[in-house]
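[1] what's the 3D shape of this:
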Amino acid sequence: MIEFRNVHKSFGGRPVLQGIDLEAKAGEVLFIIGTSGVGKSVTIKHLIGLLRVDAGEIWFDDKRIDKLSEREMYPIRKRIGMVFQHSTLFDSLTLAENVALPLRKHKRMRQRDALAEARTRLATVGLGDYSDRFPAELGDGMRKRAAIARTLTLDPDVALFDEPTTGLDPVSARRIDALIRELSDRRGMTSIVVSHDITSIFSIADRIAFIYSGRVHAFGTPDDIRSSADPVVEQFITGRPEGPMETPGF
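    Next up, the predicted model:
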């Protein structure tokens with residue numbers, strides 16, 4: 001469904017991605033993991049055109065998308081939604097009004113109908129009773145769930161999650177994990193999750209891509225990664241400070 005072929009990306013002459021080869025299958029939960037700054041978020045931002053490759057190719061449903069114009073990316077962005085690390089909700093709008101925005105813009109729904117649909121969407125993420133609350137009235141985990149509901153209003157085929165549990169307490173983090181797994185199972189949606197949350201990685205992933213030195217260093221099921229004898233992978237999983245792990249600046 002999604003394929004990166006030898007993708008390169010540099011910033012200010014400093015290489016970050018140095019030949020990423022990666023595939024995501026329809027309906028799976030794929031985690032992209034690695035130390036901070038190795039290019040995990042950089043990788044997924046290419047899928048919606050927020051970043052453009054320096055070299056290589058990106059394919060989505062047998063169509064090459066890395067060379068599409070901004071206008072040509074519009075239909076791709078309707079099929080690939082992204083939940084950013086910070087919820088990016090509008091503080092001056094209620095949760096229902098936030099979720100209704102893409103419905104009004106892209107589906108041309110009337111305000112009343114969009115709000116009704118938004119409340120239904122919020123109920124699917126456990127926020128039906130909070131539709132008329134403002135983001136500032138809620139905790140980080142609830143705001144994250146509202147951001148997920150907003151991303152899913154266009155019923156994308158793929159959802160990208162950038163560090164969805166960062167900054168959350170353990171209970172809220174596990175609720176987000178369960179929601180991602182449930183949405184993929186129930187809707188058949190492909191979920192690509194950038195994370196360094198070990199609990200999340202090994203509880204809901206179907207497959208895991210470990211990025212190191214700008215490439216996919218290891219790729220497989222949770223059991224494959226957990227049992228890997230590779231010292232770089234083992235260091236990340238166990239958290240031991242020994243070994244050659246890099247500390248890049250991106």
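
[2] What's the end-to-end length of stretch 62-71?
    19 Å (C-alpha to C-alpha, to the nearest Å).

[3] For that stretch, which outside residues touch it?
    Val7, His46, Leu47, Gly49, Arg52, Val53, Gly56, Glu57, Ile58, Trp59, Met73, Ile76 (C-beta atoms under 8 Å, 6 or more residues apart in numbering). (Each C-beta comes from the backbone N, C-alpha and C, glycine too.)

[4] The second one: neighbour count?
    Neighbour count for His46, taken as other C-beta atoms under 10 Å: 20.

[5] hang on, it packs against Glu3?
    No. Counting by C-beta atoms under 8 Å, His46 sits too far from Glu3 to count as a contact (11.9 Å).

[6] so what's in contact with these two at the same time?
    Ile58.

[7] buried stuff in stretch 226-239?
    Ser228, Val232, Val233, Glu234, Gln235, Phe236, Ile237 (16 or more other C-beta atoms under 10 Å).

[8] show me the residues around Leu160 that make contact.
    Here Leu160 is in contact with Ile44, Leu47, Ile48, Ile80, Gly81, Met82, Val83, Ser191, Ile192, Val194 (C-beta under 8 Å, 6+ apart).

[9] Select only the buried ones of those residues in ChimeraX?
    For the buried members of those, the matching ChimeraX selection, counting by 16+ other C-beta under 10 Å, is:
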select :44,47,48,80,81,82,83,191,192,194
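
[10] Return the subset of the contacts of Leu160 lying in strands.
    Using DSSP state E, Ile80, Gly81, Met82, Val83, Ser191, Ile192, Val194 are the members of these that sit in strands.

[11] what pairs with the residue nearest the centre of the chain across the strands?
    Central residue of the chain (C-alpha atoms, centre = their mean): Phe161, 1.8 Å from the mean position. Here Phe161 shows beta-bridge partners Val83, Val193, assigned using DSSP bridges.
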